[in-house]
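A.B. asks: mind folding the following:
(one chain, ligands or ions: 1)
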Amino acid sequence: MTTRSALTRWAAGSLALFLTVAVACAHDGHDDDHRHDHDHDHEHDHDHPPIPVPEPEAHRPSAIPDRIIRTFAGDTARTIAVTWRTDSSVAKAIAQIAPADAAPNFGASAKTITAVSQPLTTDLGPARFHSVVFSGLGPAQLYAYRVGDGANWSEWVHARTALDGPEPFSFIYFGDAQNDIKSLWSRVIRGAYSDAPKAAFIVHAGDLVNRGSRDAEWGEWFQGGGWVNAMVPSLPTPGNHEYERVKAPAPAAAAADVNAPAVKPDEHSAITRHWRAQFALPEHGPPGLEETVYYVDYQGARIVSLNSNERQAEQVPWLEKVLADNPNRWTILTFHHPIYSAAGDRDNPKLRDLWQPVFDRHKVDLVLQGHDHTYARSGLRAYNNVPTGLSRRDDGGGTVYVVSVSGPKMYDSKREPWMIRMAEDTQLYQIITVRGDALIYEARTAVGDLYDGFELRKKSGAPNELIERAPTTPERRRPAKPAAAAAAR
Ligand SMILES: [Fe+2]
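C.D. replies: Predicted coordinates:
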């Protein structure tokens, strides 16, 4: 019901009611015609259920910057990358940066740069996305930046650059958020930030949303992270749910995909246009895979994102070079489809055959994955050609593989000997600390309980030492299904 029709009907109503409501309003100090309409609406429309605010309205951009997200686009010690969204009225977007200071007039010394802007028409309507890379910054410095158009500004946001060399740091890692993002994923990112407010960055291992072309889902994702996204840099890698079907023949390179979904001849799967519009990431990946295949160096660790969705073979020579020419003590990889699957009939042997020998050759320490909607963590694993069972070299070195899930969609897990710790029906976040020759890993449940833990120690001339730190609490497993339980009896 509109306010006007409510008023008309209200005016035709009883004078006594008017006096009662007017007196009540005067008494409690509310000078609010809306309150009258609201009260009256309730009397006459109690049989109308509430309706959700339409998505175009709930997620409508304005001239005020929103969806502000900090990322890395290059040198983590000397650059800060930021992306944000406005409506189409903002033709020229700008950003300012200054060394942060306790005195509030720090903005007087701010440097102003013009953003690179692009239109993006989504399923909910037109928008513009803007990005800047502040460069020429100093290592280990606290800056303040803001974004806007000169009249409509964001808040000043604090952002610290990395130290230029090895120095302890922690970061957060999430498996798939994907579903009920506002309702049930928001608590996980907020819990993780509460536990690790000084986190250097956040790794998202793909399937950030369920349908990558749906703007409302990205709206929820940005609501979940809120202002944390503007402060703590994100390192996202794409999942299959960031891909969508496009009505055009597939590019020739797609023929070699090992994970390509079956599509019609005149269709192919392509990453959502939201991805590159809203994340400013390094563009040094293989041609066509920029901002999905990339790496950054952060205080003694190289973090590499691979794109497990397409053109996986093309990424091998790129990865060989990135790992061969790596001065960092630690090497951590993230991609979406797990090398060792934790759930159902979802194993990825082709991807394992293609990529894991490269990981072994270059002694990758840790691989962070998603996709399986369950939790599983390995010991030190090296490649072999046995599709199941323990690796020959489980005790002789290798890489620790993790599959995790942060959102509420849950699958049954397999039980396999390589799983040192597993969980079902459990939303999790991970906090990983790199400190000299030690890497300390913690998985925590959505309510903050420690669920899994280990420490990797570098040994000169020898494989990493793995020290188990998992708590002795029972594994969180789904109750057996009735049919299975009956069969077991
Ligand atoms: Fe997935």
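
A.B. asks: what about Asn326, how many residues close to it?
C.D. replies: By other C-beta atoms under 10 Å, the residues close to Asn326 number 18. Quick note: C-beta positions are derived from backbone N, CA and C, even for glycine.

A.B. asks: quick one, what contacts the nearest residue to it once chain neighbours are set aside?
C.D. replies: Residue nearest to Asn326 in three dimensions, not counting chain neighbours: Arg302, with 5.2 Å by C-beta to C-beta, 6 or more residues apart in numbering. Shown in contact with Arg302 (C-beta atoms under 8 Å, 6 or more residues apart in numbering): Tyr295, Val296, Val322, Leu323, Asn326, Asn328, Trp330, Thr331, Ile332.

A.B. asks: leaving out chain neighbours, which residue sits closest to Val274?
C.D. replies: Careful, residue 274 is His; it's not Val. Trp218 (5.7 Å).

A.B. asks: assign a three-state SS to the one you found, would you?
C.D. replies: Classification of Trp218 using DSSP: H, G, I helix; E, B strand; the rest coil returns helix.

A.B. asks: what is the neighbour count of the closest residue to the ion within the chain?
C.D. replies: Residue nearest to the ion within the chain (C-beta to the ion): His371, separated by 3.8 Å. For His371, the neighbour count with other C-beta under 10 Å is 28.

A.B. asks: doesn't the residue nearest to Asn326 lie inside a helix?
C.D. replies: No. Residue state for Arg302 (three-state DSSP) corresponds to strand; a helix is not indicated.

A.B. asks: beta-bridge partners for it, please?
C.D. replies: Asp297, Thr331 (DSSP bridges).

A.B. asks: do you know the pLDDT at it?
C.D. replies: On pLDDT, Arg302 comes in at 98.

A.B. asks: you'd agree Ala196 is up against Ile432?
C.D. replies: No. At 9.3 Å, Ala196 and Ile432 do not qualify as touching, with contact defined as C-beta atoms under 8 Å.

A.B. asks: what touches both of those two?
C.D. replies: Residues touching both Ala196 and Ile432 by C-beta under 8 Å, 6+ apart: Ser170, Phe171, Ile172.

A.B. asks: so which bits of the protein are right by the ion?
C.D. replies: Asp207, Gly239, Asn240, His371 (C-beta under 5 Å from the ion).

A.B. asks: Ser170: what secondary structure?
C.D. replies: strand.

A.B. asks: ok, it touching Tyr441?
C.D. replies: No. Between Ser170 and Tyr441 there is no contact under C-beta under 8 Å: 10.5 Å.

A.B. asks: find residues that contact each of those two.
C.D. replies: Ile432, Thr433.

A.B. asks: how close does the residue nearest to Asn326 get to Val402?
C.D. replies: Distance, Arg302 to Val402, by C-beta to C-beta, to the nearest Å: 17 Å.

A.B. asks: quick one: contacts for Phe279?
C.D. replies: For Phe279, counting by C-beta under 8 Å, 6+ apart, the contacting residues are Ile69, Thr71, Thr83, Ser234, Pro236, Glu291.

A.B. asks: run the last query once more with 10 Å
C.D. replies: For Phe279, the contacting residues are 69, 71, 73, 81, 83, 129, 131, 204, 208, 234-236, 238, 291-292, by C-beta atoms under 10 Å, 6 or more residues apart in numbering.

A.B. asks: and for Ile69?
C.D. replies: Ile69 neighbours (C-beta under 10 Å, 6+ apart): 81-85, 131, 221-222, 225, 228-234, 236, 278-280.

A.B. asks: who touches the helix or strand containing Gln96?
C.D. replies: For Gln96, the element it lies in under DSSP states H and E is strand 94-99. Contacts with strand 94-99, where a contact means C-beta under 10 Å, 6+ apart, come from 65, 80, 82, 84, 105-115, 130-138, 141-150, 153-154, 156-157, 159.

A.B. asks: per-residue confidence averaged over the next helix-or-strand element following that strand?
C.D. replies: Per DSSP H and E, strand 94-99 leads on to strand 111-114 as the next helix or strand towards the C-terminus. Strand 111-114 comes out with an average pLDDT of 98.

A.B. asks: the following helix or strand past strand 111-114: which residues count as buried?
C.D. replies: Counting by DSSP H and E, the next helix or strand C-terminal to strand 111-114 is strand 116-122. For strand 116-122, a neighbour-count test (16 or more other C-beta atoms under 10 Å) marks Leu120, Thr122 as buried.

A.B. asks: where does this protein dip in pLDDT?
C.D. replies: 1-46, 249-265, 385-396, 483-489 (pLDDT under 70).

A.B. asks: send me stretch 463-471 as PDB with only the CA atoms.
C.D. replies: Output of stretch 463-471 as PDB, limited to C-alpha atoms (Å, rounded to 0.1, in the frame of the first residue of the first chain):
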ATOM      1  CA  PRO A 463      61.800 -31.900   3.400                       C
ATOM      2  CA  ASN A 464      59.500 -29.800   5.600                       C
ATOM      3  CA  GLU A 465      58.800 -31.200   9.000                       C
ATOM      4  CA  LEU A 466      55.100 -31.500   9.800                       C
ATOM      5  CA  ILE A 467      54.000 -31.200  13.400                       C
ATOM      6  CA  GLU A 468      50.400 -32.100  14.100                       C
ATOM      7  CA  ARG A 469      48.500 -29.700  16.200                       C
ATOM      8  CA  ALA A 470      44.900 -30.900  15.600                       C
ATOM      9  CA  PRO A 471      42.800 -30.800  18.800                       C
END
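
A.B. asks: contacts for it, please.
C.D. replies: With C-beta under 10 Å, 6+ apart, stretch 463-471 has contacts from 330, 363, 365-366, 377-380, 382, 393-400, 420-421, 437-443, 449-459.

A.B. asks: which ones among the contacts of Ile69 are found in strands?
C.D. replies: Ala81, Val82, Thr83, Trp84, Arg85, Ser131, Ser234, Pro236 (DSSP state E).

A.B. asks: closest to Pro54 among the residues you listed?
C.D. replies: The nearest member of those to Pro54, counting by C-beta to C-beta, is Arg85 at 18.6 Å.

A.B. asks: helix/strand/coil for the residue of the chain closest to the ion?
C.D. replies: His371 - assigned by three-state DSSP - is coil.

A.B. asks: ok, of the shared contacts of Ala196 and Ile432, which one's closest to Glu244?
C.D. replies: Ile172 (27.3 Å).

A.B. asks: distance of the closest one relative to Leu428?
C.D. replies: 11 Å.

A.B. asks: try His268
C.D. replies: Taking C-beta to C-beta, one finds His268 at 34 Å from Leu428.
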